[in-house]
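**Student:** I would like the atomic coordinates for the input below:
(chains A and B)
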Amino acid sequence: MQLKQKLEILADAAKYDASCASSGTEQRNSRDGKGIGSTTGMGICHSYAPDGRCISLLKILLTNFCLYDCVYCVNRVTSNVPRARFSIDEVVQLTLSFYRRNYIEGLFLSSGIIQSPDYTMEQVVEVARVLREEHDFRGYIHLKTIPDASPELLARAGRYADRLSINIELPTAASLSTLAPEKDGVAIRVSMARLRERIDASKDKTLTGKRPPRFSPGGQSTQMIVGADATDDRTILSTSADLYGQYRLRRVYYSAFSPIPDASPVLPLQSPPLVREHRLYQADWLMRFYGFESHEIITGEQGMLALDMDPKTAWALQNRAMFPVDINRAPKATLLRVPGLGVRNVQRILSARRVRAVRLDDLVRMRAPVNRMLPFIQLPDHHPGATLDAASLPAQLKETPTMPQQLGLFL
Amino acid sequence: METVYLQHETDMEGWRDAARRLILSGVAPHDVYWCVRPAEESIENATQNCIVQRDIFSMASAESVPDSAGQAPPPMEGQRLMVSRQFVELARAVILHSSAERFGLLYRVLWRCQLERGLMRLTGDADVARLHAMAKAVGRDKHKMKAFVRFRETVLDGHPRYLAWFEPEHHIMAEIAPFFIGRFTTMDWTIMSPRMGMRWDGKSLHFLPGGKPEALQEEDASEALWLSYYRHIFNPARLKLKAMQKEMPKKYWHNLPEAELIEELIAEAGARTQAMLDRHPEVPKRKIVGYKRKPDDGIIE
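**Tutor:** Residues are numbered from 1 along each chain as shown, chains lettered A, B, ... in the order given. Sure, this is the predicted structure:
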């Protein structure tokens, strides 16, 4: 089979993994090296596909042959999609030739399970080893880790990779055993715990001041499929909170279950719930950067996030007694809860109000979304008065739906 | 009236020396012309540039006259200049901006800093907000250049060379060079732009005069693979065009080889998704061997 054809099949097989991040790792470059590559810690998106997703890494599967029969997955054993397998050298050369042309930040390699979890993991790790040791490649490497692989293999993976990830796949153990019968929820969490231990250990200095061995400096992440089972947002967010807390994940990715070629009869296809996915990301941000607890964020009756407004606005509407917030007096934690106010503008306000009172004009020039904020804030030249308690406020703050998009307007 | 001639578009040192001298001798912002000495033009032309620049500058200041910009010169003789770290950091980025107002705006803010304590903390102040917006535009331009430069390989005398054409909006070429050197240290690469070019030969960096995109050679084999990858990593069931365009605005498309596929991918997406939704599930065409796991991680087939 031609390389081009393999690339097509194995990119098709990899596109349902949402992550393409190349951030969070150490800083390095090739000035003293024999090869190429650098990382800045920031991550760079080298392109964007019309699905709005960043293309930062060459995201492919080593092979899409797979022994497992996860019904949501395009690569499950019972699917009739075309199959292919890269050789280790093909992946290495493809990565290097893309990297040299500045198409990518590095490689995100995953694989279907062939022969055994250990055999598969060994092949994946070997690609990373060849890139690092034989080509002195210093770009970003993200390896998908197979939870059932031996701890020794995970340790080797962490030596070469910038980030490791294990997909939790579904928000509950019950869904996992129904939809992914060969996967073991307990093994997934045991592996995450092992990774966390090694990642933590690699950051501590030993008593003698020696540096411990390098292990996945960009941490670990995971992905959860949304909309393939009936789990509500409340359960999803509490699973996420638990994952962030217990295993210190850098990111939980939410992937709206999307139509796939040759789908399983068990799981009827539908349009992907993209707005829901977006709201889950917003809620995730509120938990990680805005001091919200997972249980606070769900305001709806059915345990679901509102689709027609962002979760912070929805929360504020249900807690109007806390508002208006005085922008010039409120503590940081309270400012972070004002709809429309982001982390950076909160910092700017804190810094500016030490010099003089912040006024409405200042917020406009900071490019804060003032219209959304006005009902909830108080300034020397503004008080929301009755608008805050008006029964019509929720209707005013609803976002007009933007999907489906009109192609005519775009092109 | 004072006229300051800077040596080049990003002459931070020249700007700093002049600004220090002018503030210490109490020359108010509206009494200074800032202009860049053109490489080969006469001083007369340079003066014309200055006048154009001043007009833009005075238009900007007419919009909102800051409290202290028109005040009498501060008593500065023999005193030290007040320069905060925030100002220095912002100035380093703002000087790379392509707008002609940058030198005058920086001087006005530096002037105001002598009179208004804590000015740099006021991101809501019109001048400070403008500096932040300019620094942000420069930062974004740098980031997008790191992302969107596309090299093509050509072999000259058995030695691979990598060539790219890129059109940055601001004066960021020299500033961005260390990034490309640190990343592609062992490669021989050249990035050309309309205003200037740069070549790294594996040992040292050379700046070149501006060029034209026609000098770039045709696509190589890897570019064809890259287009295949772009086509196949796209999921037609989730079009999010606004998200794509926000991060990859159309102005970059003509230098991105993969962008030629965008229109076609969008046009096909609806039908491709519908075909997946309409399809009747098939029985597996291969013999399926049941997979069982053993408690000790091994497997039995």
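**Student:** Any stretches of the stretch 201-301 of chain B with poor pLDDT?
**Tutor:** In the predicted model, the stretch 201-301 of chain B carries pLDDT under 70 at residues B:293-301.
**Student:** try 90 this time
**Tutor:** For the stretch 201-301 of chain B, the stretches with pLDDT under 90 are B:211-221, B:278-301.
**Student:** Repeat that for chain A.
**Tutor:** For chain A, residues meeting the criterion pLDDT under 90 lie at A:1, A:19-20, A:24, A:33, A:41-42, A:147-148, A:203-214, A:265-272, A:299-302, A:399-411.
**Student:** Domain-wise, how is it divided?
**Tutor:** Listed domain ranges for chain A are A:3-272, A:318-397 (source: automatic domain parsing).
**Student:** Could you identify which of those domains is most buried?
**Tutor:** Compared across these, domain A:3-272 shows the largest average neighbour count, a mean of 20 (mean count of other Cβ atoms under 10 Å in any protein chain shown). All C-beta atoms are positioned from the backbone trio N, CA, C, and that covers glycine.
**Student:** Please enumerate the helices of the stretch 51-200 of chain A.
**Tutor:** A:88-100, A:117-129, A:151-160, A:173-179, A:185-203 (DSSP state H, counting those that start in this stretch).
**Student:** ok, and for stretch B:87-95, which residues are buried?
**Tutor:** Of all the residues in stretch B:87-95, those buried under the rule 16 or more other Cβ atoms under 10 Å in any protein chain shown are B:87, B:90-91, B:93-95.
**Student:** Could you point out which of the residues you listed is nearest to B:A147?
**Tutor:** Nearest to B:A147 among the buried residues of stretch B:87-95, counting by Cβ to Cβ, is B:A93 at 18.1 Å.
**Student:** The closest one contacts B:G139, correct?
**Tutor:** Yes. B:A93 is in contact with B:G139 according to Cβ atoms under 8 Å; the separation is 6.4 Å.
**Student:** Looking at the stretch 101-250 of chain B, which residue is nearest chain A?
**Tutor:** With Cβ to the nearest Cβ, the shortest gap between the stretch 101-250 of chain B and chain A falls at B:G124, namely 2.4 Å.
**Student:** Surely that residue touches A:M366?
**Tutor:** Yes. Using Cβ under 8 Å, B:G124 is in contact with A:M366, at 5.6 Å.
**Student:** okay, and the common contacts of those two?
**Tutor:** Contact criterion Cβ atoms under 8 Å, 6 or more residues apart in numbering or on different chains; residues shared by B:G124 and A:M366: A:R348.
**Student:** got the end-to-end distance for stretch B:150-166?
**Tutor:** Using Cα to Cα, to the nearest Å, the gap from the first to the last residue of stretch B:150-166 comes to 8 Å.
**Student:** Show me what counts as buried in that stretch.
**Tutor:** Neighbour counts over stretch B:150-166 (16+ other Cβ under 10 Å) mark B:150-153, B:161-166 as buried.
**Student:** Can you tell me which of these end up in helices?
**Tutor:** Among the buried residues of stretch B:150-166, no residue falls in helices (DSSP state H).
**Student:** So which of these reach chain A?
**Tutor:** Restricting these to those near chain A by Cβ under 8 Å from any Cβ of the partner chain leaves B:150-153, B:162, B:164.
**Student:** and the buried residues of stretch B:150-166 as TSV, adding pLDDT?
**Tutor:** Supplementary listing: the buried residues of stretch B:150-166 in TSV, determined by pLDDT from 0 to 100:
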residue	pLDDT
B:R150	96
B:F151	96
B:R152	95
B:E153	93
B:R161	94
B:Y162	95
B:L163	94
B:A164	95
B:W165	95
B:F166	96
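**Student:** Using a markdown table, lay out those residues together with distance to B:L225.
**Tutor:** Compiled in a markdown table, the buried residues of stretch B:150-166 are given as follows (distance: Cβ to Cβ, whole Å):
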| residue | distance to B:L225 |
| --- | --- |
| B:R150 | 13 |
| B:F151 | 14 |
| B:R152 | 13 |
| B:E153 | 12 |
| B:R161 | 20 |
| B:Y162 | 16 |
| B:L163 | 18 |
| B:A164 | 18 |
| B:W165 | 20 |
| B:F166 | 21 |
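**Student:** Filter those down to just the ones in strands.
**Tutor:** When DSSP state E defines the strands, the subset of those inside them is B:152-153, B:161-165.
**Student:** sorry, back to before: adding pLDDT, secondary structure and distance to B:P29, write the buried residues of stretch B:87-95 out as a markdown table.
**Tutor:** Output for these, formatted as a markdown table (pLDDT from 0 to 100; DSSP: H, G, I helix; E, B strand; the rest coil; distance: Cβ to Cβ, whole Å):
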| residue | pLDDT | secondary structure | distance to B:P29 |
| --- | --- | --- | --- |
| B:F87 | 96 | helix | 15 |
| B:L90 | 97 | helix | 17 |
| B:A91 | 97 | helix | 15 |
| B:A93 | 97 | helix | 20 |
| B:V94 | 98 | helix | 15 |
| B:I95 | 97 | coil | 17 |
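**Student:** Which residues are in contact with the spatially closest residue to A:A161 that is not a sequence neighbour?
**Tutor:** The spatially closest residue to A:A161, leaving aside those adjacent along the chain, is A:L143, at 4.5 Å (Cβ to Cβ, 6 or more residues apart in numbering or on different chains). If you count contacts by Cβ under 8 Å, 6+ apart, A:L143 has them with A:108-110, A:124-125, A:128, A:157, A:160-161, A:163-165.
**Student:** Bridged to A:L143, which residues?
**Tutor:** A:L143 has these beta-bridge partners by DSSP bridges: A:L109, A:L164.
**Student:** ranges for the strands of chain A?
**Tutor:** According to DSSP E, the strands that chain A contains are A:47-48, A:54-55, A:57-61, A:106-110, A:140-144, A:163-165, A:220-226, A:251-256, A:325-326, A:377-378.
**Student:** May I have stretch A:199-211 as CSV, with CA atoms only?
**Tutor:** As requested, C-alpha coordinates have been extracted for stretch A:199-211 and formatted as CSV (Å, rounded to 0.1, in the frame of the first residue of the first chain):
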residue,chain,number,x,y,z
ILE,A,199,4.9,12.7,36.9
ASP,A,200,4.9,14.0,40.5
ALA,A,201,8.1,12.2,41.3
SER,A,202,9.8,13.7,38.2
LYS,A,203,9.2,17.1,39.6
ASP,A,204,10.7,16.6,43.0
LYS,A,205,14.4,16.9,43.6
THR,A,206,15.9,14.1,45.6
LEU,A,207,17.7,14.7,48.9
THR,A,208,21.0,14.8,47.1
GLY,A,209,19.7,17.5,44.8
LYS,A,210,19.9,15.2,41.8
ARG,A,211,17.3,15.6,39.1
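**Student:** how near is the residue of the stretch 101-250 of chain B closest to chain A to B:A18?
**Tutor:** The span separating B:G124 from B:A18 equals 29 Å under the rule Cβ to Cβ, to the nearest Å.
**Student:** before we move on, what about A:A180?
**Tutor:** Counting by Cβ to Cβ - A:A180 and B:A18 are separated by 68 Å.
**Student:** Quick one, grab the pLDDT at B:E44.
**Tutor:** Per-residue confidence for B:E44 comes out at a pLDDT of 50.
**Student:** how about the spatially most central residue of chain A, what does it touch?
**Tutor:** Compute the mean C-alpha point of chain A, and by Cα atoms, centre = their mean the closest residue is A:Y253, 3.3 Å away. Shown in contact with A:Y253 (Cβ under 8 Å, 6+ apart): A:17-19, A:221-224.
**Student:** redo that, cut-off 6 Å
**Tutor:** By Cβ atoms under 6 Å, 6 or more residues apart in numbering or on different chains, A:Y253 lies in contact with A:18-19, A:223.
**Student:** which of those residues lies closest to chain B?
**Tutor:** Of all the contacts of A:Y253, A:A18 has the smallest distance to chain B: 9.9 Å, by Cβ to the nearest Cβ.
**Student:** and B:E89, what helix or strand is that in?
**Tutor:** helix B:85-94 (DSSP states H and E).
**Student:** That's all I had, so thanks and see you.
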